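Participant: No sequence on hand, only this structure:
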Ligand code: BG6
């Protein structure tokens, strides 16, 4: 196991939702499982007027997010944990003199002997990243002469290619790329990391992982919830920026990439960038029109309850043209993937929450069993990211009896069957990696920019193009009807159910 040095975690935007909902519960788990170093302290920084005690109450002692996780035997620990947490009020805004903050950091460093090892976690809107970096640098808090200084930045990383480039430059004026950790919580999911292992630790899959054997690839990311209380943020973002540019293109890069020469951060990220750069960018309006679908959920009645349409949600413009559903078909321009279509969709207010990757293999070159329903009998490898995490292989077996009728059988594996059941949650894993200086599961500057390069023309067309269509789909349905038209050949998406082995089109709508 890597060494975790004594250190301090300084969270900017600490009174925001993410700190209480994700970061503190992840830190508590790390603390409970003895992953944090002996000398460890957390300093929350934001513009709310709170004392240390009030902050501890908010994010630990009275936090609804922690209550759910804590078992009776953890209660003593909670108290000890909360005493490691401090708070500093930055006053009016984040672009101010950080002298007082630097003094607080220095005092805590002396009291806890954290050896000047600091991680700054920016959980603020991205327009503050550069100002915070500059103000930290003004206090020499980027200087690694004594102790490491790392900067974790939250998504969204930019609004388009131009703003992402500007953001990268802005931060890199004050911190070296090796000090910057761009978080994408999907990379912290065990099942996403397992994509690498499935591919590169099994000689039965990798030889088939190319255009000779793969017909097409389908990725579905569906959420049952709507935009909830985040309407204000989401309406300026949309499914393509919120999920596709980051989480889904990360998954795509792991499927597309060539084998890295070693499992370290440099080699893996080099291959991921190469993969993202090989996505064929759609440059003309007609191509984008033919290969993308955007839609919004509209009000519907589910289980006797009326569900709001997107335009009726709080914080959303009643005439909004922001998509809550995005489906994109694209190709990858390299030797391995030539002519293999990728279909990727993401949406809110779908029948169930599920993320899965389906590798559809080509039919055997010479079909001798004419009877079989060839459409349904292709081999599939289904990699389930969430929930009911696992892997399913669909393959043909003979139906007992006369002749050679072929039926589909399942070969399935579930994570829940593993003996090691303590699977770290995404934020837990990613925080620990940053604490140990391992950036493998964080996005590099060129990776983020390559993803925006692919997404930008689609966003531009959706915003400014001629005859751009916005479809509607009933909340609780699998998107607009015509989304199936995107898929060549079979013309249907595999609509997965709540469980790995549920048959397609299975629906949970209550
Ligand atoms: C976030 C998006 O990055 O990911 C949210 O901003 C989305 O809109 C969330 O709901 C989904 O994450 P998960 O881990 O629940 O699939």
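Facilitator: Noted; the coordinates are in hand. Just so it is clear, the structure is predicted and the values come from calculations on it, not from any experiment.

Participant: for the stretch 351-500 of the chain, what spans make up the strands?
Facilitator: With strands called from DSSP state E, counting those that start in this stretch, the stretch 351-500 of the chain shows them at 354-361, 380-386, 390-398, 406-414, 471-474.

Participant: Angles on the backbone of residue 329, please.
Facilitator: When read as degrees, to the nearest 10, the backbone of residue 329 gives phi -110, psi 130.

Participant: Can you report how many residues neighbour it?
Facilitator: By other Cβ atoms under 10 Å, 18 other residues sit near residue 329. All C-beta atoms are positioned from the backbone trio N, CA, C, and that covers glycine.

Participant: same deal with the one 5 residues further on?
Facilitator: By the criterion of other Cβ under 10 Å, residue 334 has 16 neighbours.

Participant: Confirm for me that it is in contact with residue 279.
Facilitator: No. Contact criterion Cβ atoms under 8 Å: residue 334 and residue 279 do not qualify, at 9.6 Å.

Participant: what about the helices in the stretch 1-150 of the chain?
Facilitator: Secondary structure of the stretch 1-150 of the chain by DSSP state H, counting those that start in this stretch: the helices cover 17-18, 24-32, 52-56, 64-67, 75-82, 99-112, 129-138.

Participant: which of these is buried the deepest?
Facilitator: helix 24-32 (a mean of 22; mean count of other Cβ atoms under 10 Å).

Participant: Need the contact partners of it.
Facilitator: With contacts defined as Cβ atoms under 8 Å, 6 or more residues apart in numbering, helix 24-32 is touched by 9, 36, 40, 42, 59-60, 63, 65-66, 69-70, 74, 77-78, 81, 84-85, 424-425, 427-428, 431-432.

Participant: Residue 314 reaches residue 231, doesn't it?
Facilitator: Yes. Counting by Cβ under 8 Å, residue 314 does reach residue 231; the two are 5.0 Å apart.

Participant: gap between residue 440 and residue 272?
Facilitator: Taking Cβ to Cβ, to the nearest Å as the measure, residue 440 falls 10 Å from residue 272.

Participant: between the two, who's got more neighbours?
Facilitator: Taking neighbours as other Cβ under 10 Å, residue 440 and residue 272 compare with residue 272 leading, 27 against 16.

Participant: Enumerate every residue touching the more buried one.
Facilitator: 250, 253, 254, 257, 447.

Participant: sec struct for the third one, please.
Facilitator: Classification of residue 254 into helix, strand or coil gives helix, according to DSSP: H, G, I helix; E, B strand; the rest coil.

Participant: close enough to count as contact, it and residue 196?
Facilitator: Yes. With contacts counted by Cβ under 8 Å, residue 254 reaches residue 196, the gap being 6.0 Å.

Participant: Could you tell me the model confidence score at residue 72?
Facilitator: Among the per-residue scores, residue 72 shows a pLDDT of 69.

Participant: and what of residue 367?
Facilitator: Looking at residue 367, its pLDDT is 78.

Participant: Quick check: it vs residue 423, distance?
Facilitator: Here the distance between residue 367 and residue 423 works out to 41 Å (Cβ to Cβ).

Participant: Same check on residue 487?
Facilitator: Here residue 487 is placed at a distance of 33 Å from residue 423 (Cβ to Cβ).

Participant: neighbour-wise, which of those two wins?
Facilitator: Set side by side, residue 487 and residue 423 show more neighbours around residue 487, with 17 against 14, by other Cβ under 10 Å.

Participant: ok, for that one, nearest residue in space, not its chain neighbours?
Facilitator: Nearest in space to residue 487, with sequence neighbours left out and distances taken as Cβ to Cβ, 6 or more residues apart in numbering, is residue 343 at 5.9 Å.

Participant: can you give me the angle the one helix or strand the one you found maps to makes with strand 354-361?
Facilitator: Assigned by DSSP states H and E, residue 343 falls within strand 342-347. Between strand 342-347 and strand 354-361, the angle comes out at 170 degrees (axes from the mean of the first three to the mean of the last three Cα atoms, to 10 degrees).
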